[in-house]
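S.K.: Could you work out the structure for the sequence below:
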Amino acid sequence: MMIPACRLADLPRGEAIRLDIDPPVSVFHTDDGEVFAIDDTCTHQDASLADGWLEGCEVECPLHASKFDLRTGAVDAPPAKLPVRTHEVVIEDGTIYVQVSTDAPNLPPCVASRLAGGPA
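M.R.: The predicted structure follows:
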């Protein structure tokens with residue numbers, strides 16, 4: 001599924017936006033001008049990575065400082081152990097589009113339970 005995120009001109013370098021889909025996705029515009037999309041939820045606990053700190057091609061979770069590589073989704077610092085899912089980004093006519101991955105997301109238990117309709 002291809003989702004329009006925003007106009008590239010509306011996402012300054014060094015910033016991120018959150019797409020409120022299930023599960024949420026973050027779109028990052030690095031200082032070098034690259035654009036990446038990953039699942040927004042830290043795999044350790046329910047924290048928005050769009051609210052984290054972007055440095056190069058890594059984002060640091062604002063809750064417990066786990067770091068994720070925006071290119072691969074790999075976790076580079078604990079306490080998170082599982083990677084985040086990455087998504088393809090297409091920029092067409094000045095608009096950022098996200099092609100949502102069909103792979104299963106790695107969500108923390110509290111989020112996975114909520115999305116499945118269980119207790120929060």
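S.K.: From now on I want contacts and neighbour counts done on CA atoms only, so please keep to that.
M.R.: Noted.
S.K.: which residues touch stretch 100-110?
M.R.: Residues outside stretch 100-110 that contact it (C-alpha atoms under 8 Å, 6 or more residues apart in numbering) are 1-3, 39, 41-46, 82-88, 120.
S.K.: among these, which are in strands?
M.R.: Mapping those onto strands (DSSP state E) picks out 2, 3, 39, 86, 87, 88.
S.K.: Which strand residues bridge the residue positioned nearest the centre of the chain?
M.R.: Note on the chain: the residue nearest the mean C-alpha position is residue 38, at 3.0 Å, using C-alpha atoms, centre = their mean. With DSSP bridges as the criterion, residue 38 is bridged to residue 26, residue 86.
S.K.: Report the contact partners of it.
M.R.: Residue 38 makes contact with 25, 26, 27, 70, 73, 84, 85, 86, 87 under the criterion C-alpha under 8 Å, 6+ apart.
S.K.: Any of these buried? List them.
M.R.: 25, 26, 27, 70, 73, 84, 85, 86, 87 (16 or more other C-alpha atoms under 10 Å).
S.K.: Verify the contact between the last one and residue 37 for me.
M.R.: Yes: A contact is recorded between residue 87 and residue 37 when judged using C-alpha atoms under 8 Å, the distance being 5.2 Å.
S.K.: Please identify every residue contacting each of those two.
M.R.: In contact with both residue 87 and residue 37: residue 98, using C-alpha under 8 Å, 6+ apart.
S.K.: any idea whether residue 80 is helix, strand or coil?
M.R.: Taken by DSSP: H, G, I helix; E, B strand; the rest coil, the conformation at residue 80 corresponds to coil.
S.K.: Just put the ones in strands among the contacts of stretch 100-110 in JSON lines and tack on distance to residue 58 and pLDDT.
M.R.: As requested, the ones in strands among the contacts of stretch 100-110 are exported to JSON lines (distance: C-alpha to C-alpha, whole Å; pLDDT from 0 to 100):
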{"residue": "2", "distance to residue 58": "24", "pLDDT": "91"}
{"residue": "3", "distance to residue 58": "23", "pLDDT": "97"}
{"residue": "39", "distance to residue 58": "13", "pLDDT": "98"}
{"residue": "86", "distance to residue 58": "13", "pLDDT": "98"}
{"residue": "87", "distance to residue 58": "15", "pLDDT": "98"}
{"residue": "88", "distance to residue 58": "17", "pLDDT": "98"}
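S.K.: Great, nothing more from me.
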